[in-house]
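**Q** missing the sequence, but the structure's below:
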């Protein structure tokens, strides 16, 4: 949606040098813009939490994640609800107030509320808190990679599953250790990729989070071109995120097809079976 609507509208604005589509279309564009990029940010929070959970408790995560579609839908619904509630009322209120007061220029299409304290509060709540959450969980995930903590986490899960499995043989132990090392390498690779996503996210979002409050207190201190550049950086980040997340999810699906975790609930299943789990539907 960011690419289809938001970036298309911003392209028109950038090429013309002014907003040629009228105030109503501008209001719709701003609503879609702020809601979508906020949803994109909140999705990263969800993924950061899931990454940490996959590292900290892999057995429970993959057993639950494989079949819990309703939980995923609830996450999506919650993220969109937060994005809409955070921006829709405020944008409609400030845009209507500005149009009634005659303080808005129809040739410009920016959301610059007249209440500077609202801007600071909104920046801290809608932008600051999600940034803190994503950095927090990424930091905890990185901490798991330090020393042997990741290996210990997977070994604990492996030993727990062995308690419900058949008697071990030397061959089974060899297979389980090989599987353990493979899983650790997969998790490291995926987490490094997500770390790159988060670094790009912070770089692309920080300019706007700094410029917007400054512009609220000192409207003439920030040129409009600075807003344009900060917007394009956010759009670029929001456009890249789905592609990178898709790559990560593809890796998950490949890993799950080779993981006998779906058989753990059956009486003859073990973590070190050589057969593969059935592919996800």
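**A** Now that the structure is in, tell me what you want to look at. Given the structure is predicted, the values throughout are model-derived calculations rather than measurements.

**Q** need the pLDDT of residue 32.
**A** In this model, residue 32 is scored at 90, pLDDT.

**Q** just checking, what packs against the helix or strand hosting it?
**A** Per DSSP states H and E, residue 32 falls inside helix 22-56. Counting contacts by 3 or more Cβ pairs under 8 Å, 6 or more residues apart in numbering; DSSP states H and E, helix 22-56 packs against helix 7-16, helix 58-65, helix 69-101, helix 129-145, helix 149-162, helix 170-217, helix 224-257. All C-beta atoms are positioned from the backbone trio N, CA, C, and that covers glycine.

**Q** buried residues, it. List them.
**A** Judged by neighbour count using 16 or more other Cβ atoms under 10 Å, the buried positions of helix 22-56 are 26-27, 29-56.

**Q** try stretch 80-100
**A** 80, 82-83, 86-87, 90-91, 94-95, 98.

**Q** out of those residues, who's nearest residue 136?
**A** For residue 136, the closest of the buried residues of stretch 80-100 turns out to be residue 82, at 17.9 Å, with distances computed as Cβ to Cβ.

**Q** spit out the contact partners of the nearest residue to the closest one once chain neighbours are set aside.
**A** Excluding the flanking residues, the one nearest residue 82 by Cβ to Cβ, 6 or more residues apart in numbering is residue 42, at 6.1 Å. If you count contacts by Cβ atoms under 8 Å, 6 or more residues apart in numbering, residue 42 has them with 79, 82-83, 130.

**Q** where does residue 42 land on pLDDT?
**A** The confidence metric pLDDT takes the value 89 at residue 42.

**Q** ok, now how distant is it from residue 238?
**A** According to Cβ to Cβ, to the nearest Å, residue 42 and residue 238 sit 11 Å apart.

**Q** likewise residue 130?
**A** Remark: distance between residue 130 and residue 238 (Cβ to Cβ) = 13 Å.

**Q** over to residue 31?
**A** As judged by Cβ to Cβ, residue 31 and residue 238 stand 15 Å apart.

**Q** same deal with residue 214?
**A** Residue 214 sits 22 Å away from residue 238, going by Cβ to Cβ.

**Q** the two: who's more crowded?
**A** residue 238 (26 against 14; other Cβ atoms under 10 Å).

**Q** follow-up on the earlier one: okay if I get the buried residues of stretch 80-100 as CSV plus distance to residue 17 and pLDDT?
**A** As requested, those are arranged in CSV below (distance: Cβ to Cβ, whole Å; pLDDT from 0 to 100):
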residue, distance to residue 17, pLDDT
80, 33, 91
82, 34, 93
83, 30, 91
86, 30, 91
87, 26, 92
90, 27, 90
91, 23, 91
94, 24, 87
95, 21, 85
98, 21, 79
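
**Q** mind putting these in TSV, distance to residue 142 included?
**A** Formatted as TSV, the entries for those read as follows, by distance: Cβ to Cβ, whole Å:
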residue	distance to residue 142
80	29
82	26
83	28
86	29
87	32
90	35
91	37
94	39
95	42
98	44
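
**Q** nearest to residue 140 among those?
**A** Checking the buried residues of stretch 80-100 against residue 140 by Cβ to Cβ gives residue 82 as the nearest, at 22.5 Å.

**Q** so the closest one sits against residue 38, correct?
**A** Yes - counting by Cβ atoms under 8 Å, residue 82 sits close enough to residue 38 to count as a contact (7.4 Å).

**Q** quick one: residues contacting residue 34.
**A** Residue 34 is in contact with 83, 86-87, 91, 111, counting by Cβ under 8 Å, 6+ apart.

**Q** ah, wrong one, I meant residue 35
**A** Contacts of residue 35 by Cβ under 8 Å, 6+ apart are 80, 83-84, 86-88.

**Q** at 10 Å what do you get?
**A** Residues near residue 35 by Cβ atoms under 10 Å, 6 or more residues apart in numbering: 1, 6, 80, 82-88, 91.

**Q** then residue 49?
**A** Contact analysis of residue 49 by Cβ under 10 Å, 6+ apart lists 75, 133-134, 136-137, 140-141.

**Q** put the buried members of those into a ChimeraX selection.
**A** Isolation of the buried members of the contacts of residue 49 (16+ other Cβ under 10 Å) is achieved in ChimeraX through the command below:
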select :75,133,134,137,141
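
**Q** okay, the contacts of residue 49 in JSON lines with pLDDT and distance to residue 207 next?
**A** Shown next, in JSON lines, are the contacts of residue 49 (pLDDT from 0 to 100; distance: Cβ to Cβ, whole Å):
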{"residue": "75", "pLDDT": "82", "distance to residue 207": "28"}
{"residue": "133", "pLDDT": "92", "distance to residue 207": "20"}
{"residue": "134", "pLDDT": "89", "distance to residue 207": "17"}
{"residue": "136", "pLDDT": "91", "distance to residue 207": "22"}
{"residue": "137", "pLDDT": "89", "distance to residue 207": "23"}
{"residue": "140", "pLDDT": "84", "distance to residue 207": "27"}
{"residue": "141", "pLDDT": "80", "distance to residue 207": "26"}
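
**Q** great, nothing more from me.
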